[in-house]
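Enquirer: Show me the folded form of this:
(chains A, B, C and D)
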Protein chains: 2
Amino acid sequence: MQYMAATPEEDRRRAILDAAVTVVVERGYAAARVSDIAKRAGTSTGTVHYYFPTKVDVLDAALQHASERSHARHRAELAALNEPSEQLLRLIDLQIPDADVADEWSIWLEFWNEARRRDELRDRNHEIYTRWVGMIETIVRKGQRQGQFSLDVDPADFALRFAGLFDGLGLQVLLQPSLENRWRLRAALRGVVERELLS
Amino acid sequence: MQYMAATPEEDRRRAILDAAVTVVVERGYAAARVSDIAKRAGTSTGTVHYYFPTKVDVLDAALQHASERSHARHRAELAALNEPSEQLLRLIDLQIPDADVADEWSIWLEFWNEARRRDELRDRNHEIYTRWVGMIETIVRKGQRQGQFSLDVDPADFALRFAGLFDGLGLQVLLQPSLENRWRLRAALRGVVERELLS
DNA sequence: CATCTATCTGACGCGTCAGTCAATACATCT
DNA sequence: AGATGTATTGACTGACGCGTCAGATAGATG
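Expert: Numbers count the residues shown, from 1 in each chain, chains lettered A, B, ... in the order given. The predicted structure is shown next:
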């Protein structure tokens, strides 16, 4: 079923990238094998190399693929809400590591780890992070214009701290995904919103 | 020079672990080679295997080694200060990713990434994180007892958020270690302390 | 039908690396 | 001196995995 086949070529590409994402989540970026990816995509190693010259090309494209998917999801979800405060609170629930979202966090972690040693990935990470922080900042600005949020906070500063807190605590939730930890993450983020924006 | 040799055996062990930490920082946990470690330690692969049965044993011991070193440094630095507020502010400057400390952050990142797939490391991480958060919590408690910190905040809650914010922003500073980013990290952490504790 | 092109396959070559082991050196005890 | 135990070495082996390539399949074109 899945997608209704754009071109067969595009489909194969996407299937390989989806498979690569899964493999990275399961085995990790460094331990991912081309044969694992091929098997998951229901094809052969030769085909993987037909679409991507080297393993690094597949994996980097997969990271990119995952980050686009994640961002698209955020945009779609936020577009369905009007109130900035609702958007911010929704963003929290949308990104708490749990089931599918935990896989996404795993990808981020692999990404960061790999980026530490590779300039291009560091640049990619910077773009993605800036976009993520910018999304939060935009919501805060809108809330302030609408008089819903306090004018005492600097939107850029708040967004940075909000994102940082999310990453730091989210990381620990990823590693210890207990109900209590997820609840604490949620409470901490909602607390910041209430204390600083909904004064 | 370095250490004045406890036993020669202990020295070799330590040399191998120090070398392993360096290699993990440079090449990453997954790409670390036994021969790299041996070369860095000025010995042979045979000797590395003489002290540690497998590569995983060396690497795990190295992570442990690095975390103990880090904790010891924190304790030593804090013991030299009396005021809880000074201790907290010192902790910030002590742990901003920069030079040696950036290496330490790299180790954490590798640790987290590896821990995602291995129970024992996840448990180790939990212990280390709990100890780190506990250290902050203790400082806050002391500050409250001495009437220096506000009584409005829950120490455990504050400590968790402080640590989370530190990790999340620190991670981005590790990847983009500009002066400005370091300054923002510092400002964000000091801001939280001032706003919530030194009301 | 013959030819051309795009897609796909899996066996193989070649490099890499963890862990083994026989040989060696050195110290300590008898 | 000989014997015993500890530390060290680096060549070697066996496994593994990326990327290549010769060949298969099938659809399109003339």
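
Enquirer: ok, and the closest non-adjacent residue to the residue sitting nearest the centre point of chain A?
Expert: For chain A, A:S70 is the residue whose C-alpha lies nearest the centre (Cα atoms, centre = their mean; 4.7 Å). Spatially, and ignoring its direct neighbours in sequence, A:S70 is nearest to A:E104 (5.5 Å; Cβ to Cβ, 6 or more residues apart in numbering or on different chains). In this view, the C-beta of every residue, glycine as well, is placed from N, C-alpha and C.

Enquirer: before we move on, back to that, tell me which element the residue nearest to the centre of chain A is part of?
Expert: helix A:55-79 (DSSP states H and E).

Enquirer: repeat for A:L160
Expert: Counting by DSSP H and E, the element that carries A:L160 is helix A:155-175.

Enquirer: What is the subsequent helix or strand relative to that helix?
Expert: Next helix or strand after helix A:155-175 toward the C-terminus (DSSP H and E): helix A:179-192.

Enquirer: Buried residues, that next one. List them.
Expert: For helix A:179-192, a neighbour-count test (16 or more other Cβ atoms under 10 Å in any protein chain shown) marks A:N181, A:R182, A:R184, A:L185, A:R186, A:A188, A:L189, A:V192 as buried.

Enquirer: Was I right to think A:A32 contacts A:A20?
Expert: Yes - between A:A32 and A:A20 there is a contact under Cβ atoms under 8 Å: 7.1 Å.

Enquirer: Can you work out which residues contact both of the two?
Expert: Shared contacts of A:A32 and A:A20 (Cβ atoms under 8 Å, 6 or more residues apart in numbering or on different chains): A:L59.

Enquirer: Chain A against chain B: which residues are in contact?
Expert: Residues of chain A found near chain B (Cβ under 8 Å from any Cβ of the partner chain) are A:27-31, A:106, A:109-110, A:112-117, A:122, A:125-126, A:129, A:157, A:160-161, A:163-172, A:174-176, A:184, A:188, A:191-192.

Enquirer: So among the residues you listed, which ones count as buried?
Expert: Among the residues of chain A next to chain B, those buried by neighbour count (16+ other Cβ under 10 Å) are A:28-30, A:106, A:109-110, A:112-116, A:122, A:125, A:129, A:157, A:160-161, A:163-172, A:174-176, A:184, A:188, A:192.

Enquirer: Now A:M135: closest residue in space that isn't a chain neighbour?
Expert: A:H74 (6.6 Å).

Enquirer: Now do the contacts for that neighbour.
Expert: Taking Cβ under 8 Å, 6+ apart, we find A:H74 in contact with A:L91, A:L94, A:Q95, A:M135.

Enquirer: Could I get the contacting residues of A:L165?
Expert: A:A188, A:L189, A:V192, B:R161, B:G164, B:L165, B:G168.

Enquirer: What's the local residue count around the closest residue to A:A20 other than its chain neighbours?
Expert: If the residues on either side of it in the chain are set aside, A:A20 comes closest to A:A62, at 3.6 Å by Cβ to Cβ, 6+ apart. Using other Cβ atoms under 10 Å in any protein chain shown, A:A62 is surrounded by 26 other residues.

Enquirer: I'd assumed A:T22 was in contact with A:A62.
Expert: No - look at A:A62 against A:T22 with Cβ under 8 Å: they stay out of range, at 9.1 Å.

Enquirer: can you pull the pLDDT of A:T7?
Expert: Note on A:T7: pLDDT of 57.

Enquirer: if I pick the closest residue to A:H65 other than its chain neighbours, what's in contact with it?
Expert: Distances taken as Cβ to Cβ, 6+ apart put A:L17 closest to A:H65, at 4.4 Å, once the chain neighbours are dropped. By Cβ under 8 Å, 6+ apart, the contact list for A:L17 reads A:V58, A:A61, A:A62, A:H65.

Enquirer: Which pLDDT value belongs to A:L17?
Expert: 98.

Enquirer: can you tell me how far it sits from chain B?
Expert: Computed as Cβ to the nearest Cβ, to the nearest Å, the A:L17 to chain B distance reads 21 Å.

Enquirer: Return the set of buried residues in whichever strand or helix holds that residue.
Expert: Element membership for A:L17, per DSSP H and E: helix A:8-27. Residues of helix A:8-27 classed as buried: A:12-25 (neighbour count, 16+ other Cβ under 10 Å).

Enquirer: so what secondary structure elements neighbour the lengthiest helix in chain A?
Expert: In chain A, assigned by DSSP state H, the helix with the most residues is helix A:119-145. Applying 3 or more Cβ pairs under 8 Å, 6 or more residues apart in numbering or on different chains; DSSP states H and E, we find helix A:119-145 packed against helix A:55-79, helix A:84-95, helix A:100-115, helix A:155-175, helix B:155-175.

Enquirer: Mind pulling the model confidence for A:Q2?
Expert: The predicted local confidence for A:Q2 is 34.
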